[in-house]
Every structure is written in structure tokens, then in C-alpha cells.
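# 3D, please:
(chains A and B)
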Number of protein chains: 2
Amino acid sequence: MITITLVGTGNVAKHLFDAFLALNNVTVIQVVGRNKKALTHFEKHAPTTTDFKKINPSDVLIIAISDDSINTVSQLFTNYRGLVCHTSGSVPLNDLKSNRKGVFYPLQTFTVGKKIDFKTVPICIEAKNKEDEKLLERLAKTLSKKVYHITSEQRKPLHLAAVFVNNFTNHLYHIGENICTEHKIPFDLLKALIMETAHKIQTLSPKESQTGPAKRNDTRTIEEHLNQIQDKDQYEIYGLLTQSIQKIYGKKL
Amino acid sequence: MITITLVGTGNVAKHLFDAFLALNNVTVIQVVGRNKKALTHFEKHAPTTTDFKKINPSDVLIIAISDDSINTVSQLFTNYRGLVCHTSGSVPLNDLKSNRKGVFYPLQTFTVGKKIDFKTVPICIEAKNKEDEKLLERLAKTLSKKVYHITSEQRKPLHLAAVFVNNFTNHLYHIGENICTEHKIPFDLLKALIMETAHKIQTLSPKESQTGPAKRNDTRTIEEHLNQIQDKDQYEIYGLLTQSIQKIYGKKL
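Now for the predicted structure:
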């Protein structure tokens, strides 16, 4: 049995909590948050407190809060006897001010009210010492089939890559929606394409999957597209991404 | 029964052919292509020819070839009695030189050897006259549950939007992979995130789905990311997409 204290009441905290609830060999013994109302989600299934002085001992204390606050909040746990870890992709291990420290980073985008199958979520773990790394590995494996040992140095570029494939990709979806709306076309038309684009690279490399006018260096279509675009950002993004693709696949001169 | 002549032997032609094969009320009576070898895929299940003078009459002749050649090839069918249509997202209806003309555009990315469930593929149809539009609608509905009447004027921005959500998104996946490779991180780590990012916008709007440092205006993380990037294209794309996101969600000053 692994006992958990969960610090934080946000999106990641909720998703982790719900996932731990379903397990037999893990118990969340306490959820800690400043905001009493935000604790409502948790209090039916675990003891909660708003008082950081009333935290009970556990094997692993998980700080699932915004990146900016991790350093400050971790200072409250300098003498905590259990393993203290955070869940962030961009905060180094050593930002934690506790003696025993680790990282438990589920590499996924979590949406309020949308259940995630944790079995497929990669969990990136790191700890200051070997024993704690084993403990985190054991915990991660109760949740997911995909557990990776990732150092703070690797986690930085990994988080950067995640921004490209998640945040920036979603922005491209948004641009696609805006173009549709502007021309009274249902955005639904693009949804199967979006799913298939993501599905393709599960088995093919993105380089093999690339298609489109930029790859073919189809300058007529590229020009027609650029001529259509009214929005300055869309125009620049189209131009920059097209050039970047052309460099990879060789612009025919 | 609808009879089909298929002109072209590429990726779209193959996928359409395989999908039609499975239907009872549609028959491909002939497949036409210049390249004899490329006809191999088809000849087990339908008559084929490399001779454009030996084309038999059918209800619908589908030209599934590269955009650049549609206009030229369609000139061979000026007197065709059936409905002549192309499958392109970017070629206007009137580029077809036949008397009866239409567009049968399946909005999907087709990969060699990767089967597609046509039931979920939006098919965008257009025809010069009402009768032909009805015929195309009937044909499209045999394949897909999602049939849309889209004019040439709408198809232009739709194709542009498809480039953003498919070609450009795939390029972001490629950048993500490059960052991983450079730091000896398996690209597999990002695959669940990529699927979930696409899955999210099936039910939420992209605007609601947006997350990340640009949306939060988390300038510290943005700067750390920019400092990490060595590649010029990656740097510019990061900067431009970040600014574009910040404009939407309001940069806190």
C-alpha cells in the first residue's frame, strides 16, 4: 500500500485523485488546499484540510499546483518525512525545498470534466535518490503502462516539445475554426481530418506523414492560399510554416 | 445501382475504389490510368485500361488525379455523357471542361496502406445542375454519413483551413519529434498527448481547449523555452504562435 497526500485542488489534482481512487494499492489519506470550496470535489472520498499545519505523514506528498507556486509551497515541507514531489513539466527537481524530492509528471492535457484513461498516459518520474525513484516507479506503474525515467534536463525540452504538439496545434485548430466560421462552413467538417492527422503519427513518423502544397512545393496553391488570407497572423503563420516545411522536403528550384 | 468510371491510380483513387468495392449499390465498371503497373491494385476487381479512347459510359466518371492535371485530363471528356467530377479540395468546379460536371471531395488525409472508415469521412459535393447534385448526394451517402453541399467558393477557404489543421499540425508534430530526438527522448512520450489534443476538440471548441504558457501569459516559461531553442525555424514558429495566442486571450500588461 502506498499512502498519498495531495496538495492542490486544480485540474491535475482532480484527475490524479480520481485515478488513485480506483486503485486498491494506493490511498489518498489527505487532500490539502487553501480554498475550502475547491475541496468539495475531494471531501466525499478523502479527508481534506485548508490548514497546511495539519498535514499527516504519508509515503508520497504530491504537490499538484501551478508552476509558479511550487517553490514557495514546497518550503512548507522542508522537514516532511515522506517523499515530496511535484507534477510539473517545466519545474526542475531542485526547485523543491524538501529533503526527499521527486517529480511525478503525467504528460497529458487534462480537461475539466473529461475523464482520462491513465493507463495510456506517459508518466515521467525523477527522484533525488534511488530508493525514492523506485517508490515513484511503483506508484506510477499502478496508474499507467508507460513509465519513463526522465531527468530535469530532459524534461525541459520534453515540455517544449509538448507545447509545440499540444498548445500550438490547438491554436492551428482554432485558426481552422475561424476560417470556417468566417465562410459559414461548419467546423465539424474538419474533425475527422484532425483525428486522422493525430492517428497517423501513432504508427508513421511525422516526416513520412507530411502532405500538402508546401511539401509538394505546389507554388500555385500556396499563392492562392496566401491571396485568400485577410488576417495578418494567419498570413504570417501560413508563410512561416510553409517555408519551414519546404526546407525539409527540398524546394525545387 | 450507380456505375462509376475511375480515372487515376493514386492514393485517393485506391481508397475510393476499395470503399466502393464494399458496396452493393455501386459498381466501378472501369479504372483508367496511364501507368499499367499502377493499375495492378485495381485489376483483380475491375476492368482496367491505359487507353483513354477505350472508356466505357457510366453514371459518374471520377477524376482522382493531381490538382495540376485535372483541367487537362478533363478536356478528354468534353463529350462524356455521364457526370464528370473531380475529388480535389482546391480546384474550382468550372475547371472541368465537360458538359455535366461536379465535385466529389472527401475531406480526409489518405495514407498508402492505411484503411479509412469512410462512414466518418465528410464528403463535400457540388454539381453544375440539380439533377447531378442529387446523383452525387446519393453516391456520397452510400459511402459516408457526413455529406455536405459545399460551393467552389466555400471549398477554397475549407481547403485552406484543412492545410492549417492537417499539414501544419503535422509539421508541429515533426518539430516535436526533432526536439525529442535531439535530447534522446522517445517521441512515443508525446503520442498520447497528440491524440488527446485532437480528441478534445471533437467536443470542446479549440478556444475552450487552449492551454499553455502563451494562454496564461507565463512569460518566465516562454523565455525559458525561447532560450532553449537552437533552431532558427523553431524559434520563429514558437515566437509567432505564442504572440498569436496571446492576442486572443489578452496579454496581461
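
# what's the burial count for residue A:240?
Residue A:240 has 17 neighbours, counted by other CB atoms under 10 Å in any protein chain shown. For glycine as for every other residue, the C-beta is placed from the backbone atoms N, C-alpha and C.

# Off-centre distance for stretch A:174-185?
Relative to its parent chain, stretch A:174-185 has a centroid offset of 27 Å by CA atoms, centre = their mean, to the nearest Å.

# Oh, that last question was meant for stretch A:154-162, not what I typed.
With CA atoms, centre = their mean, you get 10 Å for stretch A:154-162.

# So which bits of stretch A:172-192 are buried?
A:172-180, A:183, A:185, A:187, A:189-192 (16 or more other CB atoms under 10 Å in any protein chain shown).

# typed the wrong thing, it's stretch A:145-158
For stretch A:145-158, by 16+ other CB under 10 Å, it's A:146-148, A:150, A:154-158.

# Straight-line length of it, end to end?
19 Å (CA to CA, to the nearest Å).

# taking the buried residues of stretch A:172-192 one by one, which sit in helices?
A:172-180, A:191-192 (DSSP state H).

# Mind picking the two most distant members of these?
A:178 and A:192 (19.1 Å; CB to CB).

# how near is the residue lying closest to residue A:123 once chain neighbours are set aside to residue A:126?
Spatial nearest neighbour of residue A:123, excluding adjacent residues (CB to CB, 6 or more residues apart in numbering or on different chains): residue A:140 at 4.1 Å. From residue A:140 across to residue A:126, the span is 11 Å (CB to CB, to the nearest Å).

# now the helices for the stretch 101-250 of chain A?
A:130-143, A:152-162, A:169-182, A:191-200, A:206-209, A:213-216, A:219-228, A:232-249 (DSSP state H, counting those that start in this stretch).

# Can you say which of those helices is nearest to residue B:200?
When the helices of the stretch 101-250 of chain A are ranked by proximity to residue B:200 (CB to CB), helix A:169-182 comes first, at 7.6 Å.

# quick one, that closest one and helix B:169-182 angle?
170 degrees (axes from the mean of the first three to the mean of the last three CA atoms, to 10 degrees).

# helices or strands up against helix A:169-182?
The criterion is 3 or more CB pairs under 8 Å, 6 or more residues apart in numbering or on different chains; DSSP states H and E, and the helices and strands that helix A:169-182 contacts are helix A:232-249, helix B:152-162, helix B:169-182, helix B:191-200, helix B:206-209, helix B:232-249.

# Just give me the neighbour total for residue A:95.
17.

# Quick check: closest non-adjacent residue to it.
Residue A:95's closest residue in space is residue A:71 (CB to CB, 6+ apart), at 4.8 Å.

# Tell me the spacing between that neighbour and residue A:144.
27 Å.

# Give me the more crowded residue out of the two.
When residue A:71 and residue A:144 are compared on other CB under 10 Å, the one with more neighbours turns out to be residue A:144, at 20 against 15.

# my guess is the more buried one meets residue A:120, correct?
Yes - counting by CB atoms under 8 Å, residue A:120 is a contact partner of residue A:144 at 7.2 Å.

# show me what contacts the spatially most central residue of chain A?
Nearest to the mean C-alpha position of chain A, by CA atoms, centre = their mean, lies residue A:108 at 3.6 Å. Neighbouring residues of residue A:108 by CB atoms under 8 Å, 6 or more residues apart in numbering or on different chains: A:116, A:121-122, B:192-193, B:196.

# Now pLDDT too, for these, in TSV please.
What follows is the contacts of residue A:108, written out as TSV (pLDDT from 0 to 100):
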residue	pLDDT
A:116	90
A:121	97
A:122	98
B:192	97
B:193	98
B:196	97
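
# Nearest residue to residue A:3 in space, please, no chain neighbours.
residue A:58 (4.1 Å).

# contacting residues for the one you found?
Contacts of residue A:58 (CB under 8 Å, 6+ apart): A:3-5, A:29-30, A:82.

# Recalculate using a threshold of 6 Å.
A:3-5, A:29, A:82 (CB atoms under 6 Å, 6 or more residues apart in numbering or on different chains).

# Just those: which are in strands?
If you go by DSSP state E, those have A:3-5, A:29 in strands.

# Could you list the domains of chain A?
Chain A breaks down into these domains under the TED database: A:2-150, A:155-249.

# Span of the shortest one from start to end?
This points to domain A:155-249. 29 Å.

# Please report the distance of residue A:21 from residue A:154.
30 Å.

# Same question for residue A:33.
Taken as CB to CB, the span from residue A:33 to residue A:154 is 30 Å.

# What residue in the stretch 51-200 of chain A comes nearest to chain B?
Using CB to the nearest CB, residue A:167 is the residue of the stretch 51-200 of chain A that sits closest to chain B, at 3.2 Å.

# Return the residues in contact with that residue.
By CB under 6 Å, 6+ apart, residue A:167 lies in contact with residue B:212.

# Now do the same for it: its pLDDT.
For residue A:167, the model assigns a pLDDT of 98.

# ok, now residue A:114?
87.

# Could you check how many residues crowd around the closest residue to it other than its chain neighbours?
The shortest distance from residue A:114 to any non-neighbouring residue, by CB to CB, 6+ apart, is to residue B:200 (7.1 Å). Neighbours of residue B:200 under the rule other CB under 10 Å: 23.

# Give me the distance between residue B:200 and residue A:124.
21 Å.

# near chain B, anything from stretch A:97-106?
No - Stretch A:97-106 is not in contact with chain B by CB under 6 Å from any CB of the partner chain; minimum separation 9.5 Å.

# Can you list the neighbours in contact with that stretch?
Counting by CB under 6 Å, 6+ apart, A:74-75, A:77-78, A:80, A:83-85, A:87, A:89, A:93, A:121, A:123-128, A:132, A:136 sit against stretch A:97-106.

# Would you agree residue A:172 is in contact with residue B:166?
No - using CB atoms under 6 Å, residue A:172 is not in contact with residue B:166; the gap is 9.1 Å.

# In contact with residue A:8, which residues are there?
By CB under 6 Å, 6+ apart, the neighbours of residue A:8 are A:64-65.

# Return the per-residue confidence for residue A:88.
For residue A:88, the model assigns a pLDDT of 95.

# how about it, what does it touch?
Contacts of residue A:88 by CB under 6 Å, 6+ apart are residue A:67.

# which SS class is it?
coil (DSSP: H, G, I helix; E, B strand; the rest coil).
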